[in-house]
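**Q** Next one to model:
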Amino acid sequence: MNRPRTDIAAEQAAHWIVRLSADDPAERDTAQAGFAAWKAADPLHASAAAGMENLLRQLHAVREPAGGDHRPARAALAAIAPKRPRLRQLAAASAVAVLVLTTAMLVSERPAYLLADLRSPTGQWQSHTLADGSRITLAGDSAVNVHFNAGERHVELVRGDILVDVAKDAQRPFIVDSGQAAIRALGTRFTVRRDDGTTILSMLESKVLAQVPQHPAVVVQAGQRARITDDGVGPLTSIDAASVRDAWRARQLVVDDLPLAEVLDELARHRPGQLHYDRAQIAGIRVAAVLPLDDTDKALQLLIDNFPQLRIRMLTRYLVMVDAPART
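**A** Presented below is the predicted three-dimensional model:
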């Protein structure tokens, strides 16, 4: 069976990254020239390289030491490279395999994110003023496409969370397409979150019309929240609009009696690397707290301070395990 071209490109990109970490400066220069030529030879190569480089940036594995040498693979492998040559080769091969798999995921499963008009990396918020004067803020790991024309202003939410301040324009409605629904407004402020086949719409000012194909449109007013799926707009619930707005401004997660697993789900979205936890094992813990989303290390520390039964093990900056071991 032929392998997908994306997998082959991802593997080649990973091997180029390893070659760029060579000890010999001349060999690194040769690899740099070859890598540039490889990227220019095929748009798929450039996409695979961009995914690899983005991954390394997210892992903080791209470094520029005092001498100015770029050694991304060496930075990624430094913590696991044994002294014995055979073990070092095995460690490098294992690391390349991990990079290949992860880059293949970035290239084949997240092309829409990588190619979006506006996007924000994990753990970073970005605000943009659009051509009509509307302002859009992207939470970490979010992306949108923007399409304006003479008849409408259209924003496609590719992934993540956005806060929208819509500039008034009676001639051109402002529409956010989340995949599940078209959210139509003329001038208003609201947040939209797209996650696992569900859209969460929170109205902060004015009102919008939420339309799911083949279902009646629903008006959502300020101070209301709607959970939207392909089955339609769910029951509207009340929210404190000012608190939601303040939490966005301060980049905070405000929770009131939520299961710990749901809190960790949210922290994981704003943290590079992996946050591992057994949902069943921590099922009895519920949280009421205000946690910083732009400093997830501090958020985890606050959880430890308030729940002494928790154990949080930071194996690396990018691999954290949370559990609640039984006390003896």
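**Q** C-alpha only now, for contacts and for neighbours.
**A** Fine.
**Q** Give me the residue ranges of the stretch 1-150 of the chain where confidence is low.
**A** Residues of the stretch 1-150 of the chain that meet the criterion pLDDT under 70 lie in 1-7, 10-11, 14-15, 17-18, 20-24, 51-111.
**Q** Of all residues in this structure, which one is nearest the centre?
**A** Centroid-nearest residue in the chain, with CA atoms, centre = their mean: Asp141, separated by 2.4 Å.
**Q** Contact partners for that residue?
**A** 119-124, 159-160, 269-270 (CA atoms under 8 Å, 6 or more residues apart in numbering).
**Q** Nearest to Asp42 among those?
**A** Arg119 (23.8 Å; CA to CA).
**Q** wouldn't Ala139 be in contact with Gly160 here?
**A** Yes - assessed by CA atoms under 8 Å, Ala139 is found in contact with Gly160 at 6.9 Å.
**Q** before we move on, back to that, and the contacts of Asp141, which is closest to Arg193?
**A** The closest of the contacts of Asp141, once distances to Arg193 are taken by CA to CA, is Gly160, at 5.7 Å.
**Q** For the closest one, which residues are in contact?
**A** 138-143, 193-195.
**Q** tell me the mean pLDDT over the one helix or strand it maps to?
**A** Gly160 belongs to strand 153-165 when elements are defined using DSSP states H and E. Strand 153-165 shows a mean pLDDT of 95.
**Q** That strand pairs with which strands, parallel or anti?
**A** Strand 153-165 has the following strand partners under DSSP bridges: strand 135-138 (antiparallel), strand 142-148 (antiparallel), strand 174-177 (parallel), strand 189-195 (antiparallel).
**Q** Give me the contacts around the third one.
**A** Contacting residues not belonging to strand 174-177 are listed as 152-157, 166, 182-187 [CA under 8 Å, 6+ apart].
**Q** CA atoms of it as PDB?
**A** Output of strand 174-177 as PDB, limited to C-alpha atoms (Å, rounded to 0.1, in the frame of the first residue of the first chain):
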ATOM      1  CA  PHE A 174     -21.700  40.600  10.300                       C
ATOM      2  CA  ILE A 175     -21.900  36.800  10.300                       C
ATOM      3  CA  VAL A 176     -19.800  34.300  12.300                       C
ATOM      4  CA  ASP A 177     -19.900  30.800  10.900                       C
END
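**Q** quick revisit: right, and the strands paired with strand 153-165 - which one's nearest Arg28?
**A** Here strand 142-148 is closest among the strands paired with strand 153-165 (CA to CA), at 34.2 Å.
**Q** So what touches that closest one?
**A** By CA under 8 Å, 6+ apart, the list of residues contacting strand 142-148 reads 113, 116-122, 153-162.
**Q** same thing but at 6 Å, please
**A** With contacts defined as CA atoms under 6 Å, 6 or more residues apart in numbering, strand 142-148 is touched by 113, 116-120, 154-161.
**Q** any idea which of the strands paired with strand 153-165 is most buried?
**A** strand 174-177 (a mean of 23; mean count of other CA atoms under 10 Å).
**Q** where's Ser206 relative to Gln274, distance?
**A** According to CA to CA, to the nearest Å, Ser206 stands 38 Å off from Gln274.
**Q** Need the contact partners of stretch 191-199.
**A** Contacts of stretch 191-199 (CA under 6 Å, 6+ apart): 159-163, 200-202, 227-229.
**Q** By neighbours, which of those residues wins?
**A** Highest neighbour count within those, by other CA atoms under 10 Å: Ser202, with 28 neighbours.
**Q** Excluding covalently adjacent residues, which one is nearest to that residue?
**A** Arg225 (4.4 Å; CA to CA, 6 or more residues apart in numbering).
**Q** bridging residues for that neighbour?
**A** Ser202, Thr237.
**Q** Quick one: residues contacting it.
**A** Per CA under 6 Å, 6+ apart, neighbours of Arg225: 201-202, 236-237.
**Q** How about Val290?
**A** Contacts of Val290 by CA under 6 Å, 6+ apart are 253-254.
**Q** re earlier: now, among the contacts of strand 142-148, which is nearest to Ile282?
**A** Gly160 (25.6 Å).
**Q** Would you mind measuring from the residue lying closest to the closest one once chain neighbours are set aside to Arg159?
**A** Excluding the flanking residues, the one nearest Gly160 by CA to CA, 6+ apart is Ser142, at 4.1 Å. Per CA to CA, Ser142 is found 5 Å from Arg159.
**Q** before we move on, which element is Leu267 in?
**A** Counting by DSSP H and E, Leu267 is found in helix 260-269.
**Q** who's in contact with that helix?
**A** 275, 279, 285-287.
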